[in-house]
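**Q** structure of the sequence below:
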Amino acid sequence: MDLRYTDAAPSDAEREAVDTLLGPPPSGWEGAAERTDEDLRWAKGGAAAAKDRRDQLLPALHAVNDRVGWISEGALDYICRRLTVPPAEAYGVATFYAMFSVRPRPAKVLHVCTDLACAARGSAAVCADLTERLGAPGTPAEGAVWQESPCLGLCERAPAALLLQAGANPDLRNFRQIQPLGGPPGRSPGEFEERGSGGGAPEEPTAGAPRRSAVLAPATAPALVAATRAPESAPAEPPAGAAVPQAGAPTLVLLRRIGTVDPASLDDYRSTGGYTALRRAFALGPAGVIREVLDAGLVGRGGAAFPTGRKWQATAQQADGPHYLVCNADESEPGTFKDRVLMEGDPYALIEAMTIAGYAIGAHQGYIYLRGEYPRVYERLSHALTSARTRGLLGPDVLGQGYAFDIEIRRGAGAYICGEETAIFNSIEGQRGEPRSKPPFPVEKGLFGKPTAVNNVETLVNVLPILEHGAAAYAATGTETSTGTKLFCVSGQVARPGVYELPFGANLRELLALAGPPEDMRAVLLGGAAGGFVRPDELDIPLTFEGTRAAGTTLGSGVVLVLDGSVELPRVLLRIAEFFRDESCGQCVPCRVGTVRQEEALHRIVDRTGAGAAEDIALMREVGQAMRDASICGLGQTAWNAVESAIDRLGVYK
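**A** Predicted structure coming up:
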């Protein structure tokens, strides 16, 4: 391992941000200002200690970026000394994520979404107006800078923007964090320690706190300019229930609390049935919980539809340990925002569900890998985790049952590829967020090389009604192979965008009737950028995994983007191609090259038809098939799907 540190020094603010997260440097070998006589006699640590600390790299980068707004050479060098990480590797990680910058920039950064839902709602005009007022994207103006962004997960309020402001948070200087040590290798499962200083109830650490933020949606250029100059005057965000048009309806299962109870109140959660499922889980035992999930027929809600019970069973049966649970809350698929709404409006439900899942698979440590673009969710979950620990619902003895379990939030930093389960492992471990080849599968060798179960937020929350009402009652809703209810993210040109909950088996026409479709509907995109288009005469498609598959499309993560006649479909396809080119991690050739060739071909044919267009379409088919067959992960395998469906089903370019 070549450790070539530089002579660059961190600023006082950068050093403080890192030390708040990691504690003061224990020796001169790890960043202390001076080396003592003891340091010169004995270099502590070594390769094993460095490996144990590597997973703190991403939080340390966040700490500096949150405090200063960018990561200087001196800050990166100091982080590397503290963690014994080669600077070249740390630079590779820092530059992998879109929300970090290794070049100087203002403390205020305005992210303006230009992805599918926002583009359909006029984000291009907003960006053009901003360019006139503030200059081109990336140009500092009056202490702020704005940039175009992929989907921010605010599709029901499109066009949307997110303002992040770096700076210290003096209200969270002192913290006392109780954290399980079932994390990196060398830590014993169920072993707990106290970190930090201070007294009273445990609080979340300063360095992990998100920057001051403001969501501006629907966004207008005058409002965005005003917010960059005085972010404290930005409009207050609406309650989570505003994103659920069905809020309060008695038929809701997963969304039943959202908009009706205080998401910050643990007492409100428990008064509406919260923690009933966990108590039943303890009564059933780990094998009984897995049996209930298997009998209920629950499958993953992220698009792959793998049986959740089988995944848990395979993880629980692994002799190697410790076991880990990872919640994939990095919903970066354009048009997807259901997990954000669940976490904002019902954070304790996710915590309870993760505790049940951890108990079932024999894990003592859970991680929530959260989108960096979700600062409000981070605050809600951090508060909920603190409350749960204080009340004995997390920690060394959950509900007095002798089961140790805790949850840590790890924030992403703007990388679509980190929604892939093995890329999450690399990101948490402090590596570049690139997917791993399979096998071995995560249930055998996942996070830190140990057996790991990965589920997204919606999948986990479905475990609660299964245990509350029983597997048979749960399976009675939906169809034989798609049981329960499903959340759909409806956006675009509809009267009532938002998250809708319907039982599996309802068709697309019924869903759109609730949302208020446009009269001149042109197309519906199902499944997001990795999904496929359907025509207005195909609205009777049943919204099940098997129904959409039979219709030649996909349910995916539940994206339903409605486009009317005002939208230029060739431009939409070009935006999808640009998205995949930008988000490809570049690890495998089929995806790295194929996404670029696809975008180049679409650029060539946007303004032409005939023989030239036919040649490029043929080229895209060949490239798309190569990506589908040979890419390492789902990004490359699905990058051609939406474009192909638009050509074949909608007749684009003909």
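
**Q** use CA for all of it now, contacts and neighbours both
**A** Will do.

**Q** quick one: neighbours of Ala160, just the number.
**A** Per other Cα atoms under 10 Å, the neighbour tally for Ala160 reads 31.

**Q** helix, strand or coil: sort out the nearest residue to Pro87 once chain neighbours are set aside for me.
**A** Distances taken as Cα to Cα, 6 or more residues apart in numbering place Cys80 nearest to Pro87, at 5.9 Å, with adjacent residues excluded. Secondary structure state of Cys80, per DSSP: H, G, I helix; E, B strand; the rest coil, is helix.

**Q** run a quick neighbour tally on Cys80.
**A** Quick note: Cys80 (other Cα under 10 Å) scores 25 neighbours.

**Q** if I read this right, it contacts Tyr91, doesn't it?
**A** No: using Cα atoms under 8 Å, Cys80 makes no contact with Tyr91, being 9.6 Å away.

**Q** show me where the stretch 351-500 of the chain has its strands.
**A** For the stretch 351-500 of the chain, the strands defined by DSSP state E, counting those that start in this stretch occupy 363-370, 406-411, 452-456, 485-492, 498-503.

**Q** and Glu615, how far from Ala601?
**A** Here Glu615 is placed at a distance of 9 Å from Ala601 (Cα to Cα, to the nearest Å).

**Q** all the helices of the stretch 451-600 of the chain, residue numbers only.
**A** Using DSSP state H, counting those that start in this stretch, the helices found in the stretch 451-600 of the chain span residues 457-461, 463-469, 471-475, 508-515, 545-550, 569-583, 589-605.

**Q** so the residue nearest to Pro87 versus Arg67, what's the distance?
**A** Here the criterion is Cα to Cα. By it, Cys80 lies 18 Å from Arg67.

**Q** with Ala247 instead?
**A** For Ala247 relative to Arg67 (Cα to Cα), the value is 37 Å.

**Q** what pLDDT does the model give Pro238?
**A** pLDDT recorded at Pro238 is 81.

**Q** secondary structure element for Tyr324, which one?
**A** Using DSSP states H and E, the element containing Tyr324 is strand 323-329.

**Q** what angle sits between that strand and strand 363-370?
**A** 20 degrees (axes from the mean of the first three to the mean of the last three Cα atoms, to 10 degrees).

**Q** show me what strand 323-329 is packed against.
**A** helix 347-361, strand 363-370, strand 452-456, helix 457-461 (3 or more Cα pairs under 8 Å, 6 or more residues apart in numbering; DSSP states H and E).

**Q** Three-state assignment for Glu343, please.
**A** Quick fix: residue 343 is Met, not Glu. Of the three states, Met343 takes helix under three-state DSSP.

**Q** would you mind measuring from the nearest residue in space to it that is not next to it in sequence to Thr386?
**A** The shortest distance from Met343 to any residue other than its chain neighbours is 6.1 Å, reached at Val377 (Cα to Cα, 6+ apart). Distance, Val377 to Thr386, by Cα to Cα: 14 Å.

**Q** one more: Glu568?
**A** Counting by Cα to Cα, the gap from Glu568 to Thr386 is 48 Å.

**Q** neighbour count winner among those two?
**A** Under the criterion of other Cα under 10 Å, the comparison of Glu568 against Thr386 puts Thr386 first, with 18 against 12.

**Q** so Glu30 makes contact with Asp77?
**A** No: assessed by Cα under 8 Å, Glu30 is found out of contact with Asp77, at 10.7 Å.

**Q** so which of those two has more stuff around it?
**A** The residue with more neighbours, out of Glu30 and Asp77, is Asp77; 27 against 20, by other Cα under 10 Å.

**Q** roughly how far does that one sit from Asp12?
**A** Distance, Asp77 to Asp12, using Cα to Cα: 14 Å.

**Q** His383 too?
**A** As judged by Cα to Cα, His383 and Asp12 stand 29 Å apart.

**Q** give me the more crowded residue out of the two.
**A** His383 (19 against 9).

**Q** follow-up on the earlier one: more neighbours, Ala247 and Arg67?
**A** A direct count of neighbours by other Cα under 10 Å for Ala247 and Arg67 places Arg67 higher, at 25 against 21.

**Q** how near is the more buried one to Pro87?
**A** Going from Arg67 to Pro87 by Cα to Cα gives 21 Å.

**Q** pull the contacting residues for Val126.
**A** The neighbourhood of Val126, defined by Cα atoms under 8 Å, 6 or more residues apart in numbering, consists of 219-221.

**Q** quick one, grab the pLDDT at it.
**A** So, for Val126, pLDDT stands at 95.

**Q** confirm it sits in a helix?
**A** Yes: applying three-state DSSP, one finds Val126 inside a helix.

**Q** quick one on the thing from earlier: okay, the helices and strands packed on strand 323-329 in CSV with distance to Asp55, mean pLDDT and mean neighbour count next?
**A** Converted to CSV, these look like this (distance: least, Cα to Cα, whole Å; pLDDT from 0 to 100; neighbours: other Cα atoms under 10 Å):
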stretch, distance to Asp55, mean pLDDT, mean neighbour count
helix 347-361, 21, 98, 26
strand 363-370, 12, 98, 25
strand 452-456, 16, 97, 28
helix 457-461, 23, 98, 25
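
**Q** and Asn328, what does it touch?
**A** The contact partners of Asn328, taken as Cα under 8 Å, 6+ apart, are 368-370, 419, 421, 424, 454-457.

**Q** most neighbours among the contacts of Val126, which one?
**A** Neighbour tally across the contacts of Val126 (other Cα under 10 Å): the maximum, 21 neighbours, falls on Ala219.

**Q** any idea which helix or strand carries that residue?
**A** Counting by DSSP H and E, Ala219 is found in no helix or strand.

**Q** now do Leu130
**A** helix 123-134.

**Q** report the buried residues of that helix.
**A** For helix 123-134, a neighbour-count test (16 or more other Cα atoms under 10 Å) marks 123-124, 126-127, 130, 134 as buried.

**Q** repeat that for stretch 536-546.
**A** Neighbour counts over stretch 536-546 (16+ other Cα under 10 Å) mark 539, 541-546 as buried.

**Q** what's the end-to-end length of it?
**A** Stretch 536-546: ends 20 Å apart by Cα to Cα.

**Q** tell me how many other residues surround Gly400.
**A** Count around Gly400 with other Cα under 10 Å applied: 10.

**Q** next one: the one 3 residues further on
**A** By other Cα under 10 Å, 19 other residues sit near Tyr403.

**Q** give me the pLDDT value at it.
**A** For Tyr403, the predicted pLDDT is 97.

**Q** again with Lys108
**A** Lys108 carries a pLDDT value of 93.

**Q** where do the helices sit along the stretch 201-350 of the chain?
**A** 221-229, 266-271, 276-284, 286-296, 308-316, 338-345, 347-361.

**Q** ok, Ala353 to Glu444 distance?
**A** 22 Å.

**Q** typed the wrong thing, it's Asn456
**A** On the measure of Cα to Cα, Asn456 and Glu444 end up 19 Å apart.

**Q** from Arg301, how far off is Phe504?
**A** Taking Cα to Cα as the measure, Phe504 falls 12 Å from Arg301.

**Q** you'd agree Val85 is up against Arg54?
**A** Yes: when contacts are counted by Cα under 8 Å, Val85 is listed as touching Arg54 (7.0 Å).

**Q** these two: who's more crowded?
**A** Between Val85 and Arg54, counting by other Cα under 10 Å, Val85 is the more crowded of the two (25 against 20).

**Q** contact partners of stretch 244-253?
**A** With contact meaning Cα under 8 Å, 6+ apart, stretch 244-253 is reached by 241, 255-260, 465, 485, 496-501.
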